[in-house]
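Chemist: please find the sequence and the predicted model below.
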Amino acid sequence: MFDIEIERPEHGPAIEALLDLSFGPGRYAKTAQRLREGNTAIPELCYVAHMGEGENRHLIGSLRFWPVNIGGVPGLMLGPLAVVPMLRGQGCGVNLMRRGLADAKAMGYRLVILVGDEPYYVKVGFGPVPPGRLTMPGPVDPSRLLYRELDIGAFGHAHGAITKPAPGRDDKAVAAVAS
């Protein structure tokens with residue numbers, strides 16, 4: 001029904017249109033956006049989903065992962081995840097996440113966080129961060145701050161602020177060394 005591939009530069013306009021459709025102009029005011037500003041998504045962990053063939057092929061979903069420091073532990077932030085509204089609930093978002101989480105694990109990442117609805121993200125293994133354990137760089141409903149270990153025990157040392165990685169720091173290498 002749909003194909004998943006690594007995002008390419010030519011997907012940019014269609015991704016932006018999908019994000020505008022999915023989240024509206026308020027998406028730039030969200031706290032998670034503070035962790036994206038001045039940060040760079042990991043190219044090997046940015047995906048698009050397409051439907052159709054030939055001239056009828058169009059982008060229907062997008063997912064990106066960002067390097068972050070999760071309370072002292074190098075990791076990733078998942079998002080934004082967007083799927084064309086009329087196709088939601090048909091597995092595109094879940095399959096984008098499954099692919100991304102598997103690739104992130106294969107790359108040596110151990111821990112992922114996101115801000116989202118637990119009933120949806122529990123489908124791929126996310127659960128709530130215990131109250132007071134981690135803080136975001138702005139207000140977030142604590143029940144929407146979720147995490148997933150890609151390596152058992154990775155969350156055990158995560159306490160404190162979620163921040164962008166230090167400039168010039170290779171958190172992928174740090175994540176692999178920390179395992």
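Modeler: Yes, it's here.
Chemist: show me what the longest strand along the chain is packed up against.
Modeler: When the chain is parsed with DSSP state E, its longest strand is strand 58-70. Packed against strand 58-70 by the contact rule (3 or more C-beta pairs under 8 Å, 6 or more residues apart in numbering; DSSP states H and E) you find helix 12-23, helix 31-36, strand 46-51, strand 73-83, helix 92-106, strand 111-115, strand 160-163, helix 171-178. In this view, the C-beta of every residue, glycine as well, is placed from N, C-alpha and C.
Chemist: okay but residue 125 is in contact with residue 146, surely?
Modeler: No. Using C-beta atoms under 8 Å, residue 125 makes no contact with residue 146, being 9.7 Å away.
Chemist: who does the longest strand of the chain pair with, and is each partner parallel or antiparallel?
Modeler: strand 46-51 (antiparallel), strand 73-83 (antiparallel), strand 160-163 (antiparallel) (DSSP bridges).
Chemist: including mean pLDDT, could the ones you listed go into JSON lines?
Modeler: Below are the strands paired with strand 58-70 laid out as JSON lines (pLDDT from 0 to 100):
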{"stretch": "strand 46-51", "mean pLDDT": "96"}
{"stretch": "strand 73-83", "mean pLDDT": "95"}
{"stretch": "strand 160-163", "mean pLDDT": "96"}
